[in-house]
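Chemist: sequence unknown, structure follows:
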């Protein structure tokens, strides 16, 4: 598993250095996501836990791609060996504000068993605060498994995400 993570990070670094053009920005960041307790049944019930991760953003004008990987050791109060959640988000930005939609899947490793969840989605709304050469990015994310159940939206089920980003 360490080889897969290392290879992924190296490939992202290579991609970020070869794709840079005039008018584009790139960011790398580290941060955390606090998963609040959810009333709805979910395949991967992240309830009241924090995961930690890295994120890469490729900005071009008012849109950008955000690629991230979250790591945790707990799901809904249950200890697991580890949990990995890769995500890809398509984001729009207007000044300091950002918003978008993304897709995620979670890999859960417990003892000798492991499994990927089905793909699920998230809506994202956030803002950036410049702090010298770094940027603090704060986001509220609403994760959901099915577009047909969006009428069950509840503000109490927003996850909170914070990244400290470096732009180059």
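Modeler: Cool, got the structure. From a predicted model like this one, the values you see are computed outputs, not experimental measurements. Residues are numbered from 1 along each chain as shown.
Chemist: rest of the way, CA atoms for contacts and neighbours
Modeler: Will do.
Chemist: for the strand ranked longest in the chain, packing partners?
Modeler: Counting by DSSP state E, the longest strand found in the chain is strand 78-94. Here strand 78-94 is seen to pack against strand 63-75, strand 97-104, strand 107-110 when contacts are counted using 3 or more C-alpha pairs under 8 Å, 6 or more residues apart in numbering; DSSP states H and E.
Chemist: Of these, which is nearest residue 122?
Modeler: strand 97-104 (5.2 Å; C-alpha to C-alpha).
Chemist: Listing partners with orientation, what would you give for that closest one?
Modeler: For strand 97-104, the pairing partners within the sheet under DSSP bridges are strand 78-94 (antiparallel), strand 120-131 (antiparallel).
Chemist: Pull the residues that contact it.
Modeler: Around strand 97-104, the neighbours that count as contacts under C-alpha atoms under 8 Å, 6 or more residues apart in numbering are 85-93, 119-128.
Chemist: Mind giving me the PyMOL command for buried ones among the residues you listed?
Modeler: Entered in PyMOL, the line below selects the buried ones among the contacts of strand 97-104, by 16 or more other C-alpha atoms under 10 Å:
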select buried, resi 85+86+87+88+89+90+91+92+93+120+121+122+123+124+125+126+127+128
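Chemist: Can you tell me how far the nearest residue to residue 106 once chain neighbours are set aside is from residue 116?
Modeler: Residue nearest to residue 106 in three dimensions, not counting chain neighbours: residue 85, with 4.4 Å by C-alpha to C-alpha, 6 or more residues apart in numbering. Distance, residue 85 to residue 116, by C-alpha to C-alpha, to the nearest Å: 9 Å.
Chemist: where does the protein dip in pLDDT?
Modeler: 1-23, 40-41 (pLDDT under 70).
Chemist: Mutual contacts of residue 85 and residue 116, please.
Modeler: Any residue near both residue 85 and residue 116 by C-alpha under 8 Å, 6+ apart counts here, and that gives 105-107.
Chemist: Neighbour-wise, which one of those residues leads?
Modeler: Neighbour counts for the shared contacts of residue 85 and residue 116 were taken using other C-alpha atoms under 10 Å; the highest belongs to residue 106, which has 21 neighbours.
Chemist: mind listing what it touches?
Modeler: When the contact criterion is C-alpha under 8 Å, 6+ apart, the partners of residue 106 are 44, 83-86, 116-119.
Chemist: just how off-centre is stretch 60-67 within its chain?
Modeler: The chain centroid and the centroid of stretch 60-67 are separated by 14 Å under C-alpha atoms, centre = their mean, to the nearest Å.
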